[in-house]
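Colleague: Provided below for reference: sequence and predicted model.
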Amino acid sequence: MTALYETRGPVAVITLSNPPVNGLGYSTRVGVAQALDRAQADPAVQVIVLTGAGKAFSGGADIKEFGSPQATAAPNLLDLIRACELCSKPIVAAVHSVAMGGGLELALGCHYRVTAPGANIALPEVKIGLIPGAGGTQRLPRVLGVETALNLIVSGDPVKSELLASLPGQKLFDQVIEGDLLEGAIAFALEKADVRPLPLVRDLKVRHENPDGYFQFARNMVKGMAKNFPAPAKCVDAVEASVKKKFDDGMVLEREIFTALMFTPECKALRHAFFAERATSKIPDVPEDTPVRTIAKVAVIGAGTMGGGISMNFLNAGIPVTILEMKQDALDRGIATIKKNYEAQVKKGKLKEDKYAQRMALLSTTLDYAAIGDADLVIEAVFEDLEVKRAVFQSLDRVMKPGAILASNTSTLDLNKIAAFTERPQDVIGMHFFSPANVMKLLEVVRGEQTAKDVLATVMALGKKIKKTCVVSGVCDGFIGNRMIEQYSRQAGFLLEEGCTPAQVDRAVEKFGFAMGPFRMGDLAGNDIGWYIRKRRYQEKPDLRYSKTADLLCELGRYGQKTGAGWYDYVPGKRDAIPSALVEEMIAQHRAELGITPRKIDDEEIVHRLVFSLVNEAAHLLEEGIALRASDVDMVYLTGYGFPLHRGGPMCYADTVGLWNVVQTMKRFAANPLDDASFWQPAPLLAQLAAEGKTFS
């Protein structure tokens, strides 16, 4: 049963029991409705306490039912809340741990609410492109006031129950119960057994001294913060209705808005991302109960930008780290950078001094491989060169204890070759962090041919502990993210040759929603990194064509922000990208040497050449089994490459456009004599899905 029923004297206790967060799925709703009927029919029952089993009151809708007929089957959540309101006996919601979304809305439909301290209270629907749909926008302002309620609803972020209970004039919680919540709730319920009429949140009045001024201010704020998402602005509309309309009319408007948002591309994209993030941890041949190795101590090889950033992830999670370097001055620079990063957080109030001290106390350094031999995991973050990696892994193989996991942070090199430098390839795995490693959410977990299943399971679990979104990749040049970005970068170069400026390409892509266009991204990462990879490509894949513009840029020493000049000019101490007349002249001269007459290229062509190049290469990755699922590709691009969240990732965007349309557009690109026609042949998987009218998802 997903709703348990028991009586304790004159009190009926109904317990939501649908792990892990007591989602309000169909069977749970039926169970609660039946339990309410039973309590009402029993003359011995005077009051009812509604609570949740385990680690939640209720997390809201059951995500397993999203999009299915069961999600709205009667009794739906609105029906259940109305049944609570119409119950002839007092119902007390005993809230603990988590009350979010529909769980909070259900509690608001009860006559009284008590809470344990520390419960996370939220209406997070905005995070999946919706507004609360079971009265949250109408009832929460009635118990918390308009401004507090709207802040909660628009942010979607959780707030602790005791903080809300301490607000002057709040009517969300009738009591905060220290100690045993159920015992306290029963005692409170018995005190209310004879109180009539039963209080209903819907009957409370909502007031604001200047509603027109406040809601205009709120709209202006939301517009600036969430320009690509319709839901936050609609939250304002719905909460305004709680002030200006009768309760039932406000409920009608809330439902209309909720239903309309459900079909917007932004909502579909956010829901796609929500489920995609959860799917990344599912590896078909690695069961969830696979035993994992204990990781109590970590070593990092290299104290550069990447090594320092990687180390901070583990220090933040309370795991001791030893950083190894070849020279003391390199160690000193690395430690100074880590301190500087933490001190900046302290200065901004994001980190307390004692936490900073605790983290630094977990950090040690060494110049000797023997000193890291007892680490459970070692991550190599040295220069991206196979011979350099060989020296490191042969040293690690000699000193690391049996069962230690040996990880490489390589972004493009062959992990199987790296594993072969050791006598224990089963213990070798790729952990490709993205720069800055202490900030970026993505961790590409690269599975070698011989990587043991428990090693993979351990790293996936550890990734979660250090708050990363982990995506499994097979071994290929560049793995998922960088193999795709190479095609994106090639197209960006061809666009320059055909008539664009770097600023024009970046503007089009940023208008589409990317955090940064390809040329600003190159200047930030360092254009010499791409140059180094292209030099390798010229040897390995002599038939693969690139625009020479990027090489010409590097020959001028314009590596990007670190040299004060790249595709753009930079003023010392600032990161503003200033279009460079010198670069534009260089590109024009290169065009002239190739005999190309520049043409006007519109934003749609720029965006689709870049984005569809990602899509086509990803389709190849899926065919080859490098990526497990299309949604994993989307998570790589949403969390590691600044792809616009409101478009759901490249594969979700392609599905939205329609794969038939994507293929037709690619055929037009293939007909361009200055582009790479062979690349624009649709990957067999893409061609098949388009022909069958299917999608990646």
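Modeller: Perfect, I can see it now.

Colleague: nearest residue to residue 186 other than its sequence neighbours?
Modeller: Using Cβ to Cβ, 6 or more residues apart in numbering and skipping the chain neighbours, the partner closest in space to residue 186 is residue 11 (5.1 Å). C-beta coordinates here come from the backbone N, C-alpha and C atoms, glycine included.

Colleague: could you pull out the helices for the stretch 101-250 of the chain?
Modeller: In the stretch 101-250 of the chain, the helices defined using DSSP state H, counting those that start in this stretch lie at 102-108, 136-144, 146-155, 161-165, 181-191, 211-225, 231-244, 247-262.

Colleague: let me redo that: the stretch 251-400 of the chain
Modeller: 265-279, 305-316, 328-347, 353-361, 386-399.

Colleague: and residue 367, which of the ones you listed is closest to it?
Modeller: Nearest of the helices of the stretch 251-400 of the chain to residue 367, taken as Cβ to Cβ: helix 328-347 at 6.5 Å.

Colleague: picking that back up, which of the helices of the stretch 101-250 of the chain comes out lowest on mean pLDDT?
Modeller: Mean pLDDT is lowest for helix 211-225 among the helices of the stretch 101-250 of the chain, at a mean of 93.

Colleague: and residue 122, bridged to which residues?
Modeller: In this entry, residue 122 is beta-bridged to residue 100, by DSSP bridges.

Colleague: quick one: residues contacting it.
Modeller: Neighbouring residues of residue 122 by Cβ atoms under 8 Å, 6 or more residues apart in numbering: 99-101, 104, 152, 156-159.

Colleague: tell me which of those is nearest to residue 247?
Modeller: residue 104 (17.5 Å).

Colleague: do I have it right that the closest one meets residue 119?
Modeller: No - Residue 104 is not in contact with residue 119 according to Cβ atoms under 8 Å; the separation is 9.9 Å.

Colleague: so these two - more neighbours on which side?
Modeller: Legend: neighbour count by other Cβ atoms under 10 Å for residue 104 and residue 119, higher for residue 104 (31 against 25).

Colleague: for the more buried one, what are its contacts?
Modeller: Contact partners of residue 104, counting by Cβ under 8 Å, 6+ apart, are 60, 121-123, 136, 140.

Colleague: look up how far residue 268 lies from it.
Modeller: Distance, residue 104 to residue 268, by Cβ to Cβ, to the nearest Å: 24 Å.

Colleague: what does residue 180 give?
Modeller: 44 Å.

Colleague: those two: which is more packed in?
Modeller: Shown here are residue 180 and residue 268; by other Cβ under 10 Å, residue 268 has more neighbours (19 against 11).

Colleague: the longest helix in the protein is where?
Modeller: Ranked by residue count and defined by DSSP state H, the top helix of the chain is helix 603-624.

Colleague: buried residues in it?
Modeller: Within helix 603-624, the residues scored as buried using 16 or more other Cβ atoms under 10 Å are 605-622.

Colleague: circling back to that earlier point, for residue 129, find the nearest of the helices of the stretch 101-250 of the chain.
Modeller: Closest approach to residue 129 among these (Cβ to Cβ): helix 231-244, 5.1 Å.

Colleague: tilt between the closest one and helix 146-155?
Modeller: 150 degrees (axes from the mean of the first three to the mean of the last three Cα atoms, to 10 degrees).

Colleague: which residues touch the nearest residue to residue 162 once chain neighbours are set aside?
Modeller: Nearest residue to residue 162 in three dimensions, chain neighbours excluded: residue 117, at 4.3 Å (Cβ to Cβ, 6+ apart). Residues near residue 117 by Cβ under 8 Å, 6+ apart: 160-162, 176, 178.

Colleague: out of those residues, which end up buried?
Modeller: Buried members of the contacts of residue 117, counted by 16+ other Cβ under 10 Å: 161-162, 176.

Colleague: and which of the residues you listed is nearest residue 472?
Modeller: Nearest to residue 472 among the buried ones among the contacts of residue 117, counting by Cβ to Cβ, is residue 161 at 37.5 Å.

Colleague: how far away is the closest one from residue 14?
Modeller: Counting by Cβ to Cβ, the gap from residue 161 to residue 14 is 20 Å.

Colleague: then residue 372?
Modeller: 55 Å.

Colleague: what of residue 252?
Modeller: Counting by Cβ to Cβ, the gap from residue 252 to residue 14 is 29 Å.

Colleague: the more surrounded of those two?
Modeller: Legend: neighbour count by other Cβ under 10 Å for residue 252 and residue 14, higher for residue 14 (22 against 13).

Colleague: circling back: quick check on the residue nearest to residue 186: phi, psi?
Modeller: Backbone torsions of residue 11, given as degrees, to the nearest 10, read phi -110, psi 130.
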